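[1] Return atomic coordinates for the entry below.
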Amino acid sequence: MDTLTWMLRRGLRRLWRYRYVAVTALVAFAVGAAAWYATLPAPDSIGGAGKLSAVVCPSPARCLAIGQDGNGHGVLAAWDRGRWGPVTPVAGTYALFGITCPSSRTCLAAGQTGAPQGAIAKIGGSPAGSAKPIAGSEVLSGVACPTDRMCLAVGYDIYGHAVYTTWNGATWHPPLKVRGVARLAALACPSSRTCFALAQQRSDTAAIAEWHNGSWKLAARFRNVVQLSGIACPSSLDCVAVGQGLPAQGLVLRWNGSYWNGPDLLAGSDLLEDVTCPATNLCIAVGTSYSQVGLAEQWDGSRWHMLPSVQNASILYGVACPQPGTCLAVGINSGGDGVGIKVPHASHRLGTVATRSTPLGLHGNPPR
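    Residues are numbered from 1 along each chain as shown. Purely as a prediction, here's the structure:
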């Protein structure tokens, strides 16, 4: 008997011997995967909300989503103990883009009046608050509170210059310019002394501005990036930013406490709009696919995994996690209605997202 024939027969005998183990494992995986797909709920259509841009969860049982209706009003919708309440206009606003909660009872939303002018709406006590116009700004798109007595909001003025304003616990100060960047967007603060804001410089160049002890500097610049949209900081030494690269593909950047790494491009995604990180080894990013279907991606501490697509949502703009095991994403469907959906954490690895690091950015060193 020649060697090749002997090896073939030996392999077949081993395969037959372990046939029951193989079949059992395959059936278990298929049943588990099917069960996980079956538990993924359909998105709730939230009537009266033309677009839901962001969501925050001040408590495990309550989340607040903000956005814009079809009549030129900023709106608020509350998710309370598993159900969405009615959409409520926020007086004095045209649209709302970012939201944060310095306490479980008080939240602040950044947006725009109809003037147009940047605005901050204080939400607390009643279903919806009223907005304070911030003269000298056209849009305020992100807000964060590094401490309970200090908040920071970012955006841009009528000339497209990046601006920021601060709150000292009682008053919002007049906005000041941030040099070297334009149109500041999302904002997150890994510590009481440091915050990062996402910015656009040109149509193919994005940047990250760093606020540290009251002053701003340009932390990093990334070429061949269409936009940076969302950012989260699970610890004082860890931040994650998401957006879209060139060619059109969702991308991820990561800060390690010293410098920004990436971008990594995630196959299957066209654009990532937002990210939340309940822990350093768990992040959920949301956006849209090439076929304009809402999607979610999960980071497990070592790699990204694509979660099942959301067929009844065109794009997901915001995500937050009110409790372990469950996140809530908001966005818009093809009919132009706001939607909300629960995004359970994947219990079965249904597919690893292919990533590749690209030389799109200049990491760590100040941009030239």
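[2] which residues in the stretch 201-350 of the chain form strands?
    Under the criterion DSSP state E, counting those that start in this stretch, strands of the stretch 201-350 of the chain are mapped to 205-212, 215-223, 225-235, 238-245, 249-255, 260-266, 269-279, 282-289, 294-299, 304-306, 315-323, 326-332, 338-344.
[3] Can you list the buried residues in stretch 45-65?
    Across stretch 45-65, burial judged by 16 or more other CB atoms under 10 Å covers 46, 48-58, 63-65. C-beta coordinates here come from the backbone N, C-alpha and C atoms, glycine included.
[4] from those residues, which is closest to residue 261?
    Closest approach to residue 261 among the buried residues of stretch 45-65 (CB to CB): residue 54, at 25.5 Å.
[5] Spatially nearest residue to that closest one (excluding sequence neighbours)?
    residue 318 (4.0 Å; CB to CB, 6 or more residues apart in numbering).
[6] these two touch, right, the one you found and residue 273?
    Yes. With contact defined as CB atoms under 8 Å, residue 318 reaches residue 273; the gap is 7.2 Å.
[7] residues shared between the contacts of those two?
    Residues touching both residue 318 and residue 273 (CB atoms under 8 Å, 6 or more residues apart in numbering): 230, 286, 331.
[8] partner residues bridging the residue nearest the centre of the chain?
    Geometric centre of the chain, nearest residue: residue 274, 1.5 Å, by CA atoms, centre = their mean. Counting by DSSP bridges, residue 274 is bridged to residue 286.
[9] my guess is it meets residue 240, correct?
    No. With contact defined as CB under 8 Å, residue 274 does not reach residue 240; the gap is 10.6 Å.
[10] list the residues that contact both of the two?
    residue 285.
[11] follow-up on the earlier one: ok, of the shared contacts of residue 318 and residue 273, which one's closest to residue 192?
    Of all the shared contacts of residue 318 and residue 273, the one with the least separation from residue 192 (CB to CB) is residue 230, at 21.6 Å.
[12] Ignoring the adjacent residues along the chain, who's closest to that closest one?
    Using CB to CB, 6+ apart, the nearest residue to residue 230 is residue 274, at 3.5 Å.
[13] Pull the contacting residues for the one you found.
    Contacts of residue 274 (CB under 8 Å, 6+ apart): 54, 186, 229, 230, 242, 285, 286, 287, 316, 317, 318, 319.
[14] Quick check, pLDDT for it.
    Note on residue 274: pLDDT of 98.
[15] Bridge partners for residue 64, pull those for me.
    residue 56, residue 78.
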